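Participant: I need the structure of the sequence given here:
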Amino acid sequence: SLPADSYSQGEAVWIEGSECLWVPATVIRQENFKIIVLDSSTGLEKEIDMEFSDVHKQSEKIVPDLALLSHINEPSILNNLRIRSLPPIHSPYTWAGNVLICLNPLNSTEKKHVKEFENQPFDQGNPHPYTMAEFAFQRMRQENQSIILAGESGSGKTEVSSKIVRFLTSRGRKEGYNNEIKVM
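Facilitator: Okay, here's the model as predicted:
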């Protein structure tokens, strides 16, 4: 039988690394279940038996929504999150469909103003807690809304929740909902 994936010469892939979980590599050639790559971390050719090791195609672009990755796999997702958190993007926020992933940047991020997000449609290109809060605010006119924050201790849940509460109370006051926003 043939391998599930086929790879072309020069194609960018992720391979299992020794020190890192995944390292970038370039396909030299494929022979049935064996793939020969140039390991970018060592500069050496490496033969990989695809029956025993994972090889994943790399996504071509860094995107604000993981659902837009050309190849959705563990190393492409991790790489996208890592690159988005570094300069020049320097954003701890990335969408996964309509779920907002927030990486704790362990330092201050650019301050955004509520006005930038008021009355804006849900924008997959602008991942931010205010985008999520505005979406919930617009929808709560039709039905109750919930925003769930999950993460490990110290991951930034309190900081993100305070941003969302500040946003919702600011929006609510402007719209005349002084006593109708409940925080549970």
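
Participant: the longest strand in the protein is where?
Facilitator: Longest strand of the chain, by residue count under DSSP state E: strand 22-31.

Participant: Check which element follows that strand along the chain.
Facilitator: strand 34-39 (DSSP states H and E).

Participant: Sheet partners, orientation included, of that following strand?
Facilitator: When pairing is defined by DSSP bridges, strand 34-39 lines up against strand 22-31 (antiparallel), strand 45-49 (antiparallel).

Participant: Most tightly packed of those strands?
Facilitator: Among those, strand 22-31 has the highest mean neighbour count (mean count of other CB atoms under 10 Å), at a mean of 17. Glycine gets a C-beta too; all of them are placed from N, C-alpha and C.

Participant: dump the residue contacts of residue 72.
Facilitator: Listed by CB atoms under 8 Å, 6 or more residues apart in numbering, the contact set of residue 72 reads 59, 66.

Participant: and it, that's in a strand?
Facilitator: No: Residue 72: not assigned to a strand; according to DSSP: H, G, I helix; E, B strand; the rest coil it is coil.

Participant: next one: phi and psi at it?
Facilitator: Dihedral angles of residue 72 (phi, psi; degrees, to the nearest 10) stand at phi -90, psi 100.

Participant: Give me the pLDDT for it.
Facilitator: Residue 72 is assigned a pLDDT of 96 by the prediction.

Participant: Likewise for residue 115?
Facilitator: Model confidence at residue 115, expressed as pLDDT, equals 88.

Participant: what's the neighbour count on it?
Facilitator: 11 (other CB atoms under 10 Å).

Participant: ok so, going back, quick one: contacts of the longest strand of the chain?
Facilitator: With CB under 8 Å, 6+ apart as the contact definition, strand 22-31 has outside contacts at 3, 6-17, 35-41, 45-46, 56, 58, 74-75, 78-79.

Participant: before we move on, the earlier item: okay if I get the strands paired with strand 34-39 as a markdown table plus mean pLDDT and distance to residue 155?
Facilitator: Listed next are these as a markdown table, based on pLDDT from 0 to 100; distance: least, CB to CB, whole Å:
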| stretch | mean pLDDT | distance to residue 155 |
| --- | --- | --- |
| strand 22-31 | 96 | 22 |
| strand 45-49 | 95 | 35 |
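
Participant: Out of those, which is closest to residue 128?
Facilitator: Between residue 128 and those, the shortest gap by CB to CB is with strand 22-31, which sits at 27.6 Å.

Participant: Any buried residues in the helix or strand bottoming out on mean pLDDT in the chain, and which?
Facilitator: Within the chain, no helix or strand scores below helix 157-175, which has a mean of 89 by mean pLDDT, DSSP states H and E. Neighbour-count burial for helix 157-175 flags 160, 163-164, 167-168, 170-172 (criterion: 16 or more other CB atoms under 10 Å).
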